[in-house]
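>>> here you go, sequence then predicted model.
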Amino acid sequence: MIEKELTLAADFPPVGFDQWKTSVVAELKGAPFEKRLVTRTPEGIDIQPLYTAEDWPSGNDPSGFPGFNPLTRGGRALGHAVGGWDVRQEHLHPDPAEANKAIMEDLQHGVTSIQLRLDACASAGLDADARDAAALCGRDGVMAYTVGDFETVLAQVHLDIAPVSLDAGGAYLPAAALLGALIRQRKLDPGALSFGFNADPLGALMSEGHLPVSLDVALAQMADLAAWTSKNYPQAKAVEINTSVYHHAGATSTQDLAFAVATGAEYLRAMLGAGMEIDAAIRQISFGVSLGCRFFQSIAKLRALRKMWSKVITSVGGSEAAARSTRIHVRTSRRVMTRRDPWVNLLRNTVCCFAGAVGGADSITTSPLDAAIGLSDEFSRHLARNTQTILQEESHLNRVIDPAGGSWYMERLTDQLAEKAWELFQTIEERGGMVRVATEGWVTEQIKTVQAAREKNLATRKQAVTGVSEHPNVNEQPVIRPKPDAVKLRAEASSRLVAWRRDHRCDAALKSLAGMSGDASRSPGALTESAVKAAEGGATLGQISAALVSDAGKGSAAHIEPLAIHTYAAAYEELRDASDAYAAKTGKRPQVFLANMGTPAESIARATYALNFFQAGGFEVINGDGFSDPEAAAAAFRKSGAKVAVICSTDKKYETVVEATAPRLKAAGARTVILAGNPGANEAKYRAAGVDRFIFVRCDVLSMLHEQLREEGILS
């Protein structure tokens, strides 16, 4: 008779952690437990191989419940179980009409909100026909400078159903004025709109290196925008603290968290100083977070951010209801996206989206697979949005509320991230706040330290980039995206601007705005209201931006050394670019010959290692058959036409073949003879025989590839 209940646990005696560890140590046969099984993250957190109830005592529910402080488990009691998360797609085609076509395509096929990114010209507060705009027009965004342009971009978009989230860099107030004017023209219900103006003056300064006004003035304008938004559009957000600028420069998760919370504290102070009530100020703030491929770390990062921000809100007297209003937008990290083998980006997107959903993100943007190459086509955007659709509608990720809750590992990791980030946040506050440490270079130095360690790991392939530093395909067909004609687009935009200004005379409104910008006694929100009225009257983005620089503020623009973006694949992709250019010029790639000594079983491991090693640098690898004697290997090498030979076999085989093979390869014309493997005590003997270089696990792959490409005459 089969029992109705199957209870396997009763058949096995309980095993404690110490007993388990004793068994594991015995299996390691002398190898250190901490070295083999404990992983240390860049944040300084040790990831254990096993977690138990002792790592996270569940008594008194320290993580609380979803919808309640400390909000670790989310700001809503039901999470996103009912309506799912917001599927947001970014749009940045420079032509407003083309951008609209792409937006409508996305909205008709599952996207629920739009991230509208303005070009570098608009983000700098300039119109397309400005003298300094030539190099900025159409770069990384939509060329929208008037309410008419915004109407073109957002034609047929129901803003009360599909919210728009702006990305306008330092020109957040002029851009907000244009969108605000468009909303008023459409006579939409203010209570039904949940758009985002996304003002982030400090983030814009750190990203672009400049603001049209001083940072103090920029913060005051941000606070004014927040006050206006709070009064007129209660469901909208004026501010987004986006830590992507730090993340893309190389920041760790704990640095990301600390910088986010410290920036939030600065923005709260600015808004409270401008006369806003505490809960109203809190409700205006959202967060933007980039996630990479460290799945569990990403989940814990989102949970830790909510926990830390809830703690800040409690400390300043904000209500729990206001804290629950905070929203987190997640997007795929730019630093993990690759130009080479971009199809792998589909998997990176999936990991990011999965982590964001499990971590409780309110909205998610998955980048098209070709985002690092150029303007994405419809096929790539289709795959990006469908990644979210599948995970939400077929995998039902939103149906479980905080699935990480109660996991000993995830709860402990969340707590550790929050603890370390809080310590860093306190250090920032002690040093004068986020504005000060960012503008004085302290933040940059903190990031440089961890980025240097990461670059070393990438150079040695301790940290792999699939399809680039590991398992590359040197003969892959490149994915090419044509670039729009920037000159033509600028000419068209300039023509639109000339006609627009001719038909919209707004001198009085601009004069009023300029006067308001210099009025220190203005009421909260008055400056933004004046800017929106100017936009309604036909003022362009550049005109509004210029008017916002009061006479007192002229010449006080903020300038700083911007943070550079460091993608994981960049150094290897530069080598591949050099190889491609050489192949296009000469008709062939630099070559490496593998002298595989002995049987395939003896050579395959190191031959495979060498194949990946050199293809990562753009070399064509000639994988020689197994050779039983040095003469045969030398003859095959001479026939190959290569200048570099790599001896591949086992350490035992090397004892008998290296001293005979290396000199013969040199005699056959090898400029460089390389041995695949760590020579250990035999290094001097092998070098004397003619071996020039050694490659092995954790050696500096990038330096070796650079050196070989220089010797080939490809790099200077």
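Received it, and whenever you're ready, just let me know what you need.

>>> rest of the way, CA atoms for contacts and neighbours
Fine.

>>> need the longest helix for the protein.
Longest helix in the chain by number of residues (criterion: DSSP state H): helix 408-430.

>>> how far does it sit from its chain's centre?
Taking the mean of its C-alpha atoms, helix 408-430 sits 21 Å from the chain's own mean (CA atoms, centre = their mean, to the nearest Å).

>>> buried ones in that helix?
Of all the residues in helix 408-430, those buried under the rule 16 or more other CA atoms under 10 Å are 408-418, 420-422, 424-425, 427-429.

>>> residue ranges with poor pLDDT in the protein?
By pLDDT under 70, the weakly predicted segments of the chain are 1-3, 550-555.

>>> could you list the domains of it?
Taking automatic domain parsing as the domain assignment, the ranges for the chain are 12-55, 86-204+221-235+487-561, 239-473, 570-711.

>>> adding distance to Asn69, write those domains out as CSV.
Listed next are the domains of the chain as CSV, based on distance: least, CA to CA, whole Å:
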stretch, distance to Asn69
domain 12-55, 21
domain 86-204+221-235+487-561, 22
domain 239-473, 7
domain 570-711, 42
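
>>> ok, which of the ones you listed comes nearest Arg481?
With CA to CA as the criterion, Arg481 lies closest to domain 239-473 of the domains of the chain, at 5.5 Å.

>>> and the closest one, end to end?
End-to-end span of domain 239-473 (CA to CA, to the nearest Å): 43 Å.

>>> what do you get for stretch 4-12?
19 Å.

>>> how far does that stretch sit from the chain's center?
46 Å.

>>> re earlier: how about residues contacting the longest helix of the chain?
43, 45, 51-53, 55-56, 63, 253-255, 257-259, 261-262, 296-297, 300-301, 303-305, 307-308, 404-405, 434, 437 (CA atoms under 8 Å, 6 or more residues apart in numbering).

>>> by contact count, what packs against the helix or strand just after that helix?
Next in sequence after helix 408-430, counting helices and strands by DSSP states H and E, comes helix 434-439. Helices and strands touching helix 434-439, by 3 or more CA pairs under 8 Å, 6 or more residues apart in numbering; DSSP states H and E, are helix 253-273.

>>> can you give me every residue that contacts the most centrally placed residue in the chain?
When CA atoms, centre = their mean is applied to the chain, the residue found nearest the centroid is Ser333 (2.1 Å). Residues near Ser333 by CA under 8 Å, 6+ apart: Ser244, His247, His248, Ser290, Leu291, Gly292.

>>> if we can go back for a sec, out of the domains of the chain, nearest to Gly74?
With CA to CA as the criterion, Gly74 lies closest to domain 239-473 of the domains of the chain, at 6.2 Å.

>>> mind listing what Val87 touches?
Gly110, Val111, Thr112, Ser113, Ser363, Ile364, Thr365, Arg385, Gln388.

>>> the second one against His91, yeah?
The reference is to Val111. No - counting by CA atoms under 8 Å, Val111 stays clear of His91, with 11.8 Å between them.

>>> next, count neighbours for Asn457.
Other residues lying near Asn457 total 15 when counted by other CA atoms under 10 Å.

>>> what about it, distance to Gly292?
16 Å.

>>> can you check Ala452 too?
18 Å.

>>> cool, Arg335 as well?
8 Å.

>>> one more: Ala9?
For Ala9 relative to Gly292 (CA to CA), the value is 38 Å.

>>> coming back round to it: need the contacts of Ser333 in CSV with distance to Ala236, neighbour count and secondary structure, can you?
As requested, the contacts of Ser333 are exported to CSV (distance: CA to CA, whole Å; neighbours: other CA atoms under 10 Å; DSSP: H, G, I helix; E, B strand; the rest coil):
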residue, distance to Ala236, neighbour count, secondary structure
Ser244, 22, 25, helix
His247, 26, 25, helix
His248, 27, 21, helix
Ser290, 22, 25, strand
Leu291, 24, 28, strand
Gly292, 28, 21, coil
